[in-house]
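[1] this one's structure only:
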């Protein structure tokens with residue numbers, strides 16, 4: 001057992017390249033800022049999108065003449081449409097595809113077995129990115145009142161720029177129980193997320209046709225247990241990547257996703273309780289069924 005752990009650690013240390021060091025620094029800095037954001041109203045406002053950003057835009061803020069506050073307000077008001085979410089998956093897909101093609105090319109040049117040589121985690125990520133891109137284009141119904149802050153957009157772009165390199169692993173792993181578990185969690189997470197997005201899209205589509213308020217109380221699937229099953233499923237997907245690689249960089253990647261979605265989930269849950277009031281099921285948790 002000790003020899004197995006030792007060999008795994010040695011294998012992972014050999015793979016720490018300057019690029020991976022940059023990725024680790026990115027996650028450490030990102031996680032630090034995210035932890036601060038739980039106590040900073042300014043950073044919180046910059047992380048809002050969708051329904052939470054919509055409510056913020058409708059609130060009247062105190063006017064201040066100080067140059068610092070004018071500058072801050074100017075930065076606060078730099079928002080873009082949430083329809084640009086597809087940029088994240090498009091960029092990630094291009095970079096991840098290039099990495100996979102490089103693996104295939106390298107395996108071919110050195111007469112390696114391509115199946116054994118190619119990064120399995122990047123294959124999983126490729127499937128996820130393709131699904132999310134198609135989903136964002138053909139399923140998700142982005143309303144005209146759905147925005148995100150420019151810094152939130154930049155965070156998304158940087159995350160999908162870094163993640164393909166973070167997940168890349170050339171370790172040749174045999175099929176194990178842990179590998180099968182990671183694939184099972186990955187498939188389950190994608191199915192739940194797709195189902196959740198379809199339910200949300202149908203609600204928005206119906207509301208827009210009837211010229212009603214674009215946000216309704218969703219029901220069915222895991223929405224019967226939590227306010228944000230699409231966040232729960234996203235966390236499961238990135239946890240499956242960690243189980244697939246079992247290295248520090250994937251752990252940091254998963255932790256960053258966890259913090260982002262817990263923060264967004266808390267805001268979304270509070271928004272539902274405040275806006276829907278008595279019509280919203282009080283038994284629903286935020287993200288994790290029966291727990292949180």
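    Now that the structure is in, tell me what you want to look at. Keep in mind that what you see is a predicted model, and the values were worked out from it rather than measured.

[2] going forward, measure contacts and count neighbours with C-alpha atoms only.
    Fine.

[3] buried residues in the lengthiest helix in the chain?
    Counting residues, the longest helix in the chain under DSSP state H turns out to be helix 177-209. The neighbour-count check on helix 177-209 (16 or more other CA atoms under 10 Å) flags 179, 182-183, 185-187, 189-190, 192-201, 203-205 as buried.

[4] now stretch 146-165
    Buried residues in stretch 146-165, counted by 16+ other CA under 10 Å: 146-153, 157, 159-165.

[5] can you give me the mean pLDDT across that stretch?
    Here stretch 146-165 scores 92 as its mean pLDDT.

[6] residues touching residue 224, list them.
    Residue 224 sits next to residue 284 when contact means CA atoms under 8 Å, 6 or more residues apart in numbering.

[7] how far away is it from residue 216?
    Per CA to CA, to the nearest Å, residue 224 is found 14 Å from residue 216.

[8] repeat for residue 93
    Taking CA to CA, one finds residue 93 at 32 Å from residue 216.

[9] what about the two, which has more around it?
    Remark: of residue 93 and residue 216, residue 93 carries more neighbours, 23 against 16, as counted by other CA atoms under 10 Å.

[10] the more buried one against residue 129, yeah?
    Yes: using CA atoms under 8 Å, residue 93 and residue 129 qualify as a contacting pair, with a distance of 5.9 Å.

[11] where does this protein dip in pLDDT?
    1-15, 42-69, 71-72, 144, 171-174, 206-214 (pLDDT under 70).

[12] what are the boundaries of the helices in it?
    So, for the chain - with DSSP H - the helices run 2-14, 18-37, 41-47, 51-58, 67-76, 86-109, 114-117, 120-138, 150-167, 177-209, 229-245, 248-276.

[13] which residues does residue 28 contact?
    Contacts of residue 28 by CA under 8 Å, 6+ apart are residue 252.

[14] who are the neighbours in contact with the residue nearest to residue 288 when sequence neighbours are not counted?
    Excluding the flanking residues, the one nearest residue 288 by CA to CA, 6 or more residues apart in numbering is residue 232, at 6.2 Å. The contact partners of residue 232, by CA under 8 Å, 6+ apart, come to 189, 287-288.

[15] those into a markdown table, with extra columns for distance to residue 257?
    Formatted as a markdown table, the contacts of residue 232 follow (distance: CA to CA, whole Å):
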| residue | distance to residue 257 |
| --- | --- |
| 189 | 14 |
| 287 | 13 |
| 288 | 14 |
